[in-house]
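Chemist: give me the fold of what follows.
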Amino acid sequence: MKITGIKTFVCDVYRTNWVLLKVMTDEGLYGVGEATLEHRELTVEQAVKELERYIVGKDPHNIEQFWHENYRDAYWRGGPVLTSALSGVEMALWDIKGKALGVPVYQLLGGKVRDSIPCYANAWFVGAKKPEEFAAKAAQAVKGGFTALKWDPFGSAWLSLTGEEFATAMDCIAAVRDAVGPTVKLLIEGHGRFDVPTAIKIGRAIERYDIEWFEEPVPPCDCDALLEVKRRTNVCIAAGERLYTRWDFRDVIEKHAVDYLQPDLSHTGGILELRKIAAMAECHFLPVCPHNPIGAITNAATLQIAACTPNFHILETMFNDVDYRATLTTEQSTLENGRMKIPDRPGLGIDINEEALQSHPYTPHNLRHYNGNLTMIRPTSATGWFGDAEAPTPNA
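Modeler: Just a heads-up that it's a prediction; the model follows:
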């Protein structure tokens with residue numbers, strides 16, 4: 001079997017564009033992958049196309065060789081564009097291998113250690129501005145079966161908070177805690193926005209609300225700053241969505257700068273690379289909780305890792321999505337009692353619908369975090385995309 005080419009698809013999904021791909025072979029078998037790089041989708045699509053000339057004519061089963069040679073030959077190594085492109089193509093190669101052998105990818109990585117994985121909800125807060133609005137939407141998400149919720153209550157702040165902004169954020173957290181009760185896990189998102197003293201102040205203030213973790217409290221470019229926040233607060237720290245490959249994660253792991261690691265499969269270099277990062281973390285008894293707010297192919301591939309990785313702790317899951325998500329792929333994710341089932345279909349267990357993808361062409365979107373539109377992560381028409389008959393319509 002030889003690779004004959006790569007086909008890419010860039011599809012608008014409101015806040016970003018999915019970058020999906022097919023790696024095709026001379027035997028008619030193909031694999032699907034995702035290389036979505038939020039707000040730089042056309043750039044990463046071109047990087048995927050540049051990988052094509054390196055793998056045409058190669059055996060798709062030699063995944064480690066593909067990854068090593070293309071990481072080496074990039075010369076300007078690392079960074080989100082290269083590693084996102086590698087991630088998408090590498091996922092597709094695993095999909096081909098699993099389909100060729102008639103088994104799910106997790107069977108090729110050692111087999112299952114679990115049949116489902118607990119999930120926390122993101123995007124449950126669409127359109128909320130005031131604490132009472134967050135509280136009402138949080139209660140709705142819990143009613144839908146989620147036992148853990150994540151959100152960013154800090155508005156459009158950057159580096160520091162005014163007294164009013166700080167008070168509003170604390171009021172929002174308090175309102176959500178009151179609305180969902182003491183047993184629901186709350187995860188506070190920082191989006192890498194604060195300087196060290198502000199992050200420490202926030203970390204100390206949120207301890208009273210029994211917060212599961214404070215995510216990306218400082219910008220992702222300084223491991224020692226992250227460690228300083230962790231050292232001077234009593235709330236657990238999570239980070240890693242903007243780190244790429246095992247080399248980026250090495251210092252964070254060895255310095256114990258975080259309590260929870262959050263590699264993103266779309267960006268970190270692929271399935272095997274994330275498994276290697278998880279193995280490094282396991283040596284330090286660190287749980288892995290992948291960042292997973294993007295597309296259906298990444299979600300499917302991340303579930304394969306969840307199946308076979310002992311220290312995989314919890315999976316990020318979007319509470320809702322564009323109302324046409326179900327038309328874009330053959331995704332069949334099922335959520336029961338806050339847990340997503342691991343599928344048993346060959347490969348990644350998912351395919352793409354080319355016609356549907358092409359009916360939602362690329363649309364440029366800018367980052368929302370600092371313009372006052374942080375909670376507009378989904379359109380008002382968004383609906384639940386996972387199979388759970390008991391879950392209410394998210395924005396009803």
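Chemist: isn't C172 up against E133?
Modeler: No. Contact criterion Cβ atoms under 8 Å: C172 and E133 do not qualify, at 9.1 Å. Yep, even glycine has a C-beta here, placed from its N, CA and C like the rest.
Chemist: more neighbours: which of the two?
Modeler: Counted by other Cβ atoms under 10 Å, C172 and E133 do not tie: C172 has more neighbours, with 26 against 15.
Chemist: would that one count as being in a strand?
Modeler: No. Read with DSSP: H, G, I helix; E, B strand; the rest coil, C172 is helix and lies in no strand.
Chemist: count the residues that sit near T268.
Modeler: 29.
Chemist: list the contacts for it?
Modeler: By Cβ atoms under 8 Å, 6 or more residues apart in numbering, the residues touching T268 are T83, S87, L243, Y244, T245, L274, I277.
Chemist: if you rank the residues you listed by neighbours, which is first?
Modeler: Result: S87 is most packed of these (other Cβ under 10 Å), 32 neighbours.
Chemist: just checking, what packs against the longest helix seen in the chain?
Modeler: Longest helix in the chain by number of residues (criterion: DSSP state H): helix 80-101. Counting contacts by 3 or more Cβ pairs under 8 Å, 6 or more residues apart in numbering; DSSP states H and E, helix 80-101 packs against strand 17-25, strand 30-34, helix 41-55, helix 63-73, helix 105-108, helix 271-283, helix 296-308.
Chemist: closest to V258 out of these?
Modeler: helix 271-283 (9.5 Å; Cβ to Cβ).
Chemist: can I get the CA coordinates of the helix or strand hosting A326 in PDB?
Modeler: Assigned by DSSP states H and E, A326 belongs to helix 325-328. The C-alpha coordinates for helix 325-328 follow below in PDB (Å, rounded to 0.1, in the frame of the first residue of the first chain):
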ATOM      1  CA  ARG A 325     -22.300  19.700  13.000                       C
ATOM      2  CA  ALA A 326     -24.000  16.300  12.600                       C
ATOM      3  CA  THR A 327     -24.000  16.700   8.800                       C
ATOM      4  CA  LEU A 328     -20.200  17.200   8.500                       C
END
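Chemist: now for it, which elements pack on it?
Modeler: So helix 325-328, by 3+ Cβ pairs under 8 Å, 6+ apart, packs with helix 354-358.
Chemist: so what's the gap between the helix holding A326 and the chain middle?
Modeler: Centre-to-centre, helix 325-328 and its host chain are 18 Å apart (Cα atoms, centre = their mean, to the nearest Å).
Chemist: likewise for stretch 104-114?
Modeler: Using Cα atoms, centre = their mean, the offset of stretch 104-114 from its chain centre is 20 Å.
Chemist: end to end, how far does it reach?
Modeler: 14 Å (Cα to Cα, to the nearest Å).
Chemist: how about stretch 155-173?
Modeler: With Cα to Cα as the measure, stretch 155-173 spans 13 Å from end to end.
Chemist: out of the helices and strands packed on helix 80-101, nearest to V229?
Modeler: Of all these, helix 271-283 comes closest under Cβ to Cβ, at 19.3 Å.
Chemist: and the most centrally placed residue in the chain, what does it touch?
Modeler: The centroid of the chain falls nearest to N292 when counting by Cα atoms, centre = their mean (1.7 Å). Neighbour list for N292: D264, L265, T298, N299, T302, L315, E316, T317 [criterion: Cβ under 8 Å, 6+ apart].
Chemist: what sits closest to D95 if chain neighbours are left out?
Modeler: G31 (3.3 Å; Cβ to Cβ, 6 or more residues apart in numbering).
Chemist: read off the pLDDT value for N337.
Modeler: pLDDT recorded at N337 is 87.
Chemist: with adjacent residues omitted, what lies nearest to it?
Modeler: G145 is the one closest to N337 (Cβ to Cβ, 6+ apart), at 6.1 Å.
Chemist: roughly how far apart are the one you found and E38?
Modeler: Remark: distance between G145 and E38 (Cβ to Cβ, to the nearest Å) = 27 Å.
Chemist: could you do A141 as well?
Modeler: 23 Å.
Chemist: can you tell me which of the contacts of T268 is nearest Q358?
Modeler: S87 (22.5 Å).
Chemist: helices and strands of the protein: which one bottoms out on pLDDT?
Modeler: None of the helices or strands of the chain scores lower by mean pLDDT, DSSP states H and E than strand 335-336, at a mean of 89.
Chemist: residue contacts, Y71?
Modeler: Here Y71 is in contact with R77, L82, L86, T245, G269 (criterion: Cβ under 8 Å, 6+ apart).
Chemist: what score does the nearest residue to A85 once chain neighbours are set aside have for pLDDT?
Modeler: Counting by Cβ to Cβ, 6+ apart, A85 lies nearest to A47, which is 3.8 Å off, once chain neighbours are set aside. A47 carries a pLDDT value of 97.
Chemist: just the one 4 residues further on next, same as before
Modeler: pLDDT, the model's per-residue confidence, is 96 for L51.
Chemist: I'd say it and V89 touch.
Modeler: Yes. At 5.6 Å, L51 counts as touching V89 under the criterion of Cβ under 8 Å.
Chemist: find the residues that touch each one of the two.
Modeler: In contact with both L51 and V89: I6, using Cβ under 8 Å, 6+ apart.
Chemist: who's in contact with the closest residue to G79 other than its chain neighbours?
Modeler: Nearest non-adjacent residue to G79, counting by Cβ to Cβ, 6+ apart: Y244, 6.5 Å away. Residues in contact with Y244, defined by Cβ under 8 Å, 6+ apart, are G78, G79, P80, T83, H267, T268, G269.
Chemist: let me have those in TSV, adding distance to D178 as columns.
Modeler: Shown next, in TSV, are the contacts of Y244 (distance: Cβ to Cβ, whole Å):
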residue	distance to D178
G78	44
G79	43
P80	38
T83	41
H267	36
T268	37
G269	42
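Chemist: and those residues, which of them are buried?
Modeler: P80, T83, H267, T268, G269 (16 or more other Cβ atoms under 10 Å).
Chemist: counting by contacts, list what the helix or strand containing A167 packs against.
Modeler: Here A167 sits within helix 163-180, counting by DSSP H and E. Helices and strands touching helix 163-180, by 3+ Cβ pairs under 8 Å, 6+ apart, are helix 131-143, strand 148-151, strand 185-189, helix 196-206.
Chemist: with that, I have no additional questions.
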